[in-house]
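Engineer: Just to be clear, the model below is a prediction. Sequence and coordinates:
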Amino acid sequence: MNKRLFLSAPHMSGNELKYIEKVFESNYIAPLGEYVNKFEDSIKTYTKVENALAVTSGTAAIHLALRVLGIGEGDEVLVSTFTFIGSVNAILYQGANPIFIDSDKETWNLSPKLLNKYLCECEKKPKALIVTHLYGQCADIEKIADICNFHGVYLIEDAAESLGAIYNGKHTGTFGDFGIYSFNGNKILTTSGGGMLVSSNKDWIEKAKFYSTQAKEPFIHYEHLEYGYNYRMSNVLAAIGVGQMEVIEDRVAKKREIFDWYKEFLADREEITFMPELVNSRGNRWLTAMIFEKSDYNKIMKSLDKVNVESRPLWKPMHIQNYLKIQKLL
Amino acid sequence: METYAHTKLFENSKAIVDGTSEELFVKGLCVASSTTMTKDNVKMICDVIINNLDK
């Protein structure tokens, strides 16, 4: 059987192993070091964000953002309903309450109209919004940022799937108070596991760094006035990140080419609609996503699996996660 | 026989929804998009998709 074609397999550039060897030579096999710094620098250079913190996952990055913003029990956080649960988990970790906002047809991402409607009508103002750029395609982020700014709501961009996506010349993750990226095993770039928290606010990133290393006060002995987490990225994994960042634009170009191929071969199938792209944006097309107006996608998935090709349904919206259909086995 | 169970995950969460994401969820797929893939790979995949569409 032919080799399995995955949704998004890791794709090394060739330098990652070299940089890992450098880390081993330095003996900084630790959650700090030259390559953690280099990885953060490479994200800053690429996205033009001023401050970056390398952490263990995108989920951890969101958690730190909420913690730094002082969001916790009793607070409400708006979030895309059409997303991966990683976007939502940190809200639960902090004991806050998620409020789910639906998508629009123009972007498949969070609807600015529904967002604005809720914020104009709600009695209690939510503290923040976590907006996802799904499958690497930009949400209507300028509009969303304006709405959040107008209503005094913190904006956190979940750009876990959208590293490399640009809206009006500006990278996703750099429009809000915080942005996060993911370097999980299936992302456009991977460090096997990893994340990055970014912000134009230096103090916030410093505070996040403090929380990400168990909140140690600046004394030689370990002194704690607050508690933190163990969320700092490994220097070894950061070395992979540095190697990977050298090819981010190549990967984006390739993902977009793959999308164009799918469009080309399925062009005359009227029932297929591909995930759209806002006119003044360039998505990273992390996963080519499409909907079928009449056909049963289960049949398609099964047949693809038979030829060793991976496919998956789109994200199950968060607001229907509490409803689970179970097939009774006889 | 089908049974339904409710998990408590987002039991009490507010949702401002209009059916858009639910429609996308029941109709949509994401497909193999690895950057090591070739145009022939994508052609093969699309042939399978086309063969499995309703006539």
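Structural biologist: Good, I have the coordinates. Residues are numbered from 1 along each chain as shown, chains lettered A, B, ... in the order given.

Engineer: in terms of contact, does A:T81 touch B:S13 like I think?
Structural biologist: No - look at A:T81 against B:S13 with Cβ atoms under 8 Å: they stay out of range, at 9.4 Å. Every C-beta, even on glycine, is put in place using the N, C-alpha and C of the backbone.

Engineer: quick one: common contacting residues for those two?
Structural biologist: A:100, A:318-319 (Cβ atoms under 8 Å, 6 or more residues apart in numbering or on different chains).

Engineer: tell me, which of these make contact with chain B?
Structural biologist: Residues of the shared contacts of A:T81 and B:S13 in contact with chain B (Cβ under 8 Å from any Cβ of the partner chain): A:100, A:318-319.

Engineer: From the rest of the structure, what touches the longest helix along chain A?
Structural biologist: Of all the segments of type helix in chain A, defined by DSSP state H, the longest one is helix A:248-265. Applying Cβ under 8 Å, 6+ apart, the set of residues contacting helix A:248-265 from outside is A:11, A:46, A:136, A:163-164, A:188-189, A:274, A:282-286, A:288, A:290, B:31, B:33, B:35, B:37, B:39, B:42-43, B:45-47.

Engineer: And the buried ones among those residues, selectable in ChimeraX?
Structural biologist: Only the buried entries of the contacts of helix A:248-265 go into this ChimeraX selection, using 16 or more other Cβ atoms under 10 Å in any protein chain shown:
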select /A:11,136,163,164,188,189,282,283,284,285,286,288,290 /B:31,33,35,37,42,45,46
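
Engineer: and residue 16, what are its phi and psi?
Structural biologist: Here I'm looking at chain A. Reported as degrees, to the nearest 10, the phi and psi values for A:E16 are phi -60, psi -50.

Engineer: Sorry, I should have been clearer: chain B.
Structural biologist: Phi and psi for B:I16, reported as degrees, to the nearest 10, are phi -100, psi 90.

Engineer: Could you list the contact residues of the stretch 151-300 of chain A toward chain B?
Structural biologist: A:188, A:251, A:254-255, A:258-259, A:261-262, A:265-266, A:269, A:271, A:285-297, A:299-300.

Engineer: Residue 34: what's it in contact with?
Structural biologist: Reading this off chain A. A:E34 sits next to A:22-23, A:26, A:28, A:235 when contact means Cβ under 8 Å, 6+ apart.

Engineer: Can you look at chain B instead?
Structural biologist: A:5-9, A:11.

Engineer: For the residue positioned nearest the centre of chain A, which non-adjacent residue is spatially closest?
Structural biologist: Most central in chain A under Cα atoms, centre = their mean is A:A160, positioned 1.3 Å from the mean C-alpha point. Counting by Cβ to Cβ, 6 or more residues apart in numbering or on different chains, A:A160 lies nearest to A:S182, which is 3.6 Å off, once chain neighbours are set aside.

Engineer: Now do that neighbour: how many residues are near it, please.
Structural biologist: 29 (other Cβ atoms under 10 Å in any protein chain shown).

Engineer: likewise B:S13?
Structural biologist: By other Cβ under 10 Å, 19 other residues sit near B:S13.

Engineer: pretty sure it is touching A:I99, no?
Structural biologist: Yes - counting by Cβ under 8 Å, A:I99 is a contact partner of B:S13 at 6.6 Å.

Engineer: ok, then the element right after the longest helix of chain A?
Structural biologist: Remark: after helix A:248-265, the chain's next helix or strand is strand A:272-274, criterion DSSP states H and E.
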